[in-house]
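Asker: sequence? don't have it. structure:
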């Protein structure tokens, strides 16, 4: 029986909020709109770049295309300015049995660059981003693709958002929720997430319990 752990990226493996928010505010300035607090922009993350910018421009959807282009160009140059791994990620990934993979709604190329820049790309047998398929999370297609790609019979989705939880439910796989991420314990628990962890190194204990 081969079990693959599928990891979300933003808010699960890496703290990416500041770089995402800086790019979003650059995009807002580029189209003549007011900037937003980082805390606000962080609540818009999780469903891909297009949805992020849709929420940022709000009523000015006529500016969506230009703002998305500005965000993409800027973020592509600044995606590792302040982004860092959460405590324990590198060491825990090194100890976890494979296969491991990443399932993110961030564009695949950007996801791979972040994983490489943070020194953990080699631990993952597969990466699926928000533009890898015609659909993205919470559609379960990415889960199925990665399972097939790495030859896994079963999967567990490790994430920090309601989108990740919904993806796991749609795919019929267990969900382990990172309470240190963008959403927090209360919202995950309220949504019915049963397995929650406060430190990334707890994933090793959870994985040891899967047979």
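Answerer: Looks like it arrived, so ask away. Just so it is clear, the structure is predicted and the values come from calculations on it, not from any experiment. Residues are numbered from 1 along each chain as shown.

Asker: any idea how the protein splits into domains?
Answerer: Following automatic domain parsing, one gets these domains for the chain: 3-15+85-208, 17-78.

Asker: got JSON lines for the ones you listed, with mean pLDDT too?
Answerer: Shown next, in JSON lines, are those (pLDDT from 0 to 100):
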{"stretch": "domain 3-15+85-208", "mean pLDDT": "96"}
{"stretch": "domain 17-78", "mean pLDDT": "95"}
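
Asker: Would you mind giving the secondary structure of the residue of the chain most remote from its centre?
Answerer: In the chain, residue 32 marks the outermost C-alpha relative to the chain mean, sitting 28.7 Å out by C-alpha atoms, centre = their mean. Secondary structure, DSSP: H, G, I helix; E, B strand; the rest coil: residue 32 is coil.

Asker: count of residues packed around the residue nearest to it when sequence neighbours are not counted?
Answerer: In space, and not counting its chain neighbours, residue 32 is closest to residue 63: 7.8 Å by C-beta to C-beta, 6 or more residues apart in numbering. All C-beta spots, glycine's among them, are computed from the backbone N, C-alpha and C. By other C-beta atoms under 10 Å, the residues close to residue 63 number 20.

Asker: start the count at 694, not 1, going forward
Answerer: With the count now opening at 694, the last piece we talked about shows up as residue 756.

Asker: Test my guess that residue 756 contacts residue 723.
Answerer: No - taking contacts as C-beta atoms under 8 Å, residue 756 lies outside contact range of residue 723: 9.2 Å.

Asker: show me what contacts residue 773?
Answerer: For residue 773, the contact set (C-beta atoms under 8 Å, 6 or more residues apart in numbering) comprises 712, 806-807, 810-811.

Asker: centre of the chain versus stretch 838-857, how much separation?
Answerer: Chain-centre distance of stretch 838-857: 12 Å, with C-alpha atoms, centre = their mean, to the nearest Å.

Asker: What residues sit buried inside that stretch?
Answerer: Going by neighbour count (16 or more other C-beta atoms under 10 Å), the buried part of stretch 838-857 is 838-840, 843, 845, 848-857.

Asker: I appreciate the help and will end here.
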